[in-house]
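Participant: Got a sequence here, can you build the structure:
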Amino acid sequence: MKTRNARSGKKGQMKIQQTAFMLIALTLFFALVGIFILGFSLSGLKEKANLIEQEKAMILVSKLANSPEFSCTKTFNNKVNCIDLDKVMALKERIEKYEGFWEIGNIEIIKIYPKQEGVCTKENYPNCGKIILKKEDEGIYTSNFVVLCRKDFFMGVPYDKCELGKVMISYTKK
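Facilitator: All right, here's what the predicted structure looks like:
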């Protein structure tokens, strides 16, 4: 009789150990599946955050182009995404007063068509291709296309001369 009870006790102990092992294995399996799902969903979150930062920068470029310091306003029939180059050149002289106003690192305006070379100064304006308002070498660049307008004269008669350009800004991630 002792032999039979000893045997059934060992069988019962073995079944308890098997059940405990299965519970531990099952818990580990679900923990790994949970970590995998969490990692997969969080990887998309980082991409979405970068996309939102890019969208905000694009909106900031458009807001910058339509701000009173840059925009064409009534002088050029209230065009949208239009930059008055004469205003920008006047602003370039006093850009230090706007330190921290836009909270961006770089502001560059580039003429795309007609293509011209050189950085704009008082001496070579409007025969230049790039206006640099602020220059810092760090950050993420983004740009948007705009219309660059200025007043010009043909045979003594003033007219609106508009060209294709691009506003480039850089910002730092927060």
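Participant: wait, what's in contact with S62?
Facilitator: Shown in contact with S62 (Cβ atoms under 8 Å, 6 or more residues apart in numbering): N81, N144. From N, CA and C alone the C-beta is placed, and that goes for glycine too.
Participant: hmm, 10 Å instead?
Facilitator: Residues near S62 by Cβ atoms under 10 Å, 6 or more residues apart in numbering: V80, N81, N144, V146, V167.
Participant: quick check, nearest of the residues you listed to Q18?
Facilitator: Q18 lies nearest to N144 out of the contacts of S62, by Cβ to Cβ, at 66.1 Å.
Participant: Look at that closest one and tell me its secondary structure.
Facilitator: strand (DSSP: H, G, I helix; E, B strand; the rest coil).
Participant: pretty sure it is in contact with M168, am I right?
Facilitator: Yes: judged on Cβ atoms under 10 Å, N144 makes contact with M168 at a distance of 8.5 Å.
Participant: before we move on, back to that, need the worst-confidence member of the contacts of S62.
Facilitator: Lowest-confidence member of the contacts of S62: V80, scoring 77 (pLDDT).
Participant: now that one: how far from I52?
Facilitator: Distance of V80 to I52, computed by Cβ to Cβ, to the nearest Å: 23 Å.
Participant: Could you list the low-pLDDT ranges of the chain?
Facilitator: Where the chain drops to pLDDT under 70, the residues are 1-8, 78, 137, 172-174.
Participant: quick one on the thing from earlier: can you tell me which of the contacts of S62 are buried?
Facilitator: N81, N144, V146, V167 (16 or more other Cβ atoms under 10 Å).
Participant: that older thread, anything in contact with each of N144 and M168?
Facilitator: Both N144 and M168 are contacted by V61, under the criterion Cβ under 10 Å, 6+ apart.
Participant: sorry, back to before: could you dump the contacts of S62 into TSV with distance to A65 added?
Facilitator: TSV is the format used below for the contacts of S62 (distance: Cβ to Cβ, whole Å):
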residue	distance to A65
V80	8
N81	5
N144	7
V146	5
V167	6
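Participant: Closest one of those residues to G9?
Facilitator: Lowest distance from G9 to the contacts of S62 (Cβ to Cβ) belongs to N144, with 79.8 Å.
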